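1. Predicted structure and sequence below. I'll ask about it afterward.
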Amino acid sequence: MLRRLALAVTLISITATPAQTQVRVGLSAFMGGYLPTSALFDQIRLSGDTTGPIIVNLGQETAPMVGGRITVRVMSQLAIDLEAGYAFSTLNIPLAADSEESNKSAVLLASLNAMWIFYEAPFSPLYFYLSAGVGWNSRDGDFWRQWDGTSSFGGTFGLGMRYGLTPLLGLRFDLRDYLYTFEPTIGSFTFSPKTQNDLVISLAIDFVFSAVQ
């Protein structure tokens, strides 16, 4: 009876061990760059007369960005990644008529992504992955205080790599594209929707709570 019980406990422990070590939770802090690839508006006059303000190709500037991630590796080749970042991006306002308008602005981005690890280097703590998910962005600052509709949902696509420095610590490099439609309003005027592609390039220190097997 004791032998059977010991055998059963041994079998349970053997089958349970992979499931316990398979799921790994990681935290990372990153720094990088925010690179908007499209103007927010084309040439538009906000009033019917010739003296009204015009916005010409107004867009966010390339800027540094900081943020963090929570990553849960649920399978050997699949992980879930939650990301949030803050870009110190001012506005490029090229029109002299708007010279008195403050260009102070910032962009907050967040996303939930599925990561597929498509290649792990043999005999090396290096792997590469693709990601896709849903993203959200919001603009804030002096310029946007009179505006509505400055937050948008969209999709995200990316690729990256991780190199393990130790079993618990690694470096991550990520390139992520936030794809969405920007359709703000000011007063009773609604701008035509315009597709945006915001790139985020980042380098992160990544810490995991259990050793990579």
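-> Nice, I can see it.
2. Which of the three states applies to the closest residue to Thr37 other than its chain neighbours?
-> With sequence-adjacent residues excluded and distances taken as Cβ to Cβ, 6 or more residues apart in numbering, Thr37 is closest to Asn197, at 4.5 Å. Glycine gets a C-beta too; all of them are placed from N, C-alpha and C. Secondary structure assignment for Asn197 (DSSP: H, G, I helix; E, B strand; the rest coil): strand.
3. Next, the contact list for Asn197, please.
-> Residues counted as contacts of Asn197 (Cβ atoms under 8 Å, 6 or more residues apart in numbering) are 36-38, 177-179.
4. Just the buried residues of stretch 181-195, please?
-> Within stretch 181-195, the residues scored as buried using 16 or more other Cβ atoms under 10 Å are 182, 184, 191.
5. for these, which one is nearest Trp136?
-> Nearest to Trp136 among the buried residues of stretch 181-195, counting by Cβ to Cβ, is Phe182 at 12.6 Å.
6. what sits opposite that closest one in the beta ladder?
-> Lys194 (DSSP bridges).
7. if we can go back for a sec, any idea which of the buried residues of stretch 181-195 is closest to Lys104?
-> For the buried residues of stretch 181-195, the nearest to Lys104 is Pro184 (16.5 Å; Cβ to Cβ).
8. burial measure for the nearest residue to that closest one once chain neighbours are set aside, as a count.
-> Nearest non-adjacent residue to Pro184, counting by Cβ to Cβ, 6+ apart: Gly149, 4.3 Å away. Burial of Gly149 is recorded as 14 neighbouring residues (other Cβ atoms under 10 Å).
9. For Gly149, give its distance to Phe182.
-> According to Cβ to Cβ, to the nearest Å, Gly149 stands 8 Å off from Phe182.
10. Met75 too?
-> With Cβ to Cβ as the criterion, Met75 and Phe182 are 36 Å apart.
11. same check, this time on Ile201
-> Distance of Ile201 to Phe182, given as Cβ to Cβ: 21 Å.
12. Now for Ile205: which residues touch it?
-> 28-30, 169-172.
13. how about CSV for the contacts of Asn197, with distance to Tyr129 and pLDDT added?
-> Shown next, in CSV, are the contacts of Asn197 (distance: Cβ to Cβ, whole Å; pLDDT from 0 to 100):
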residue, distance to Tyr129, pLDDT
Pro36, 24, 95
Thr37, 23, 93
Ser38, 26, 89
Asp177, 15, 97
Tyr178, 18, 97
Leu179, 19, 97
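14. Which members of these occur in strands, if any?
-> Residues of the contacts of Asn197 located in strands (DSSP state E): 36, 177-179.
15. tell me which residues form a beta bridge with the residue nearest to Thr62 when sequence neighbours are not counted?
-> Excluding the flanking residues, the one nearest Thr62 by Cβ to Cβ, 6+ apart is Leu35, at 5.2 Å. Beta bridges link Leu35 to Leu199 when assigned by DSSP bridges.
16. which residues touch Leu35?
-> 62, 198-201.
17. what's the neighbour count on Pro122?
-> 5.
18. Can you tell me the element it falls in?
-> Secondary-structure assignment from DSSP states H and E places Pro122 in no helical or strand segment.
19. so where is this structure shaky, pLDDT-wise?
-> Scanning the chain for pLDDT under 70 picks out 1-22, 43-56, 94-102, 211-213.
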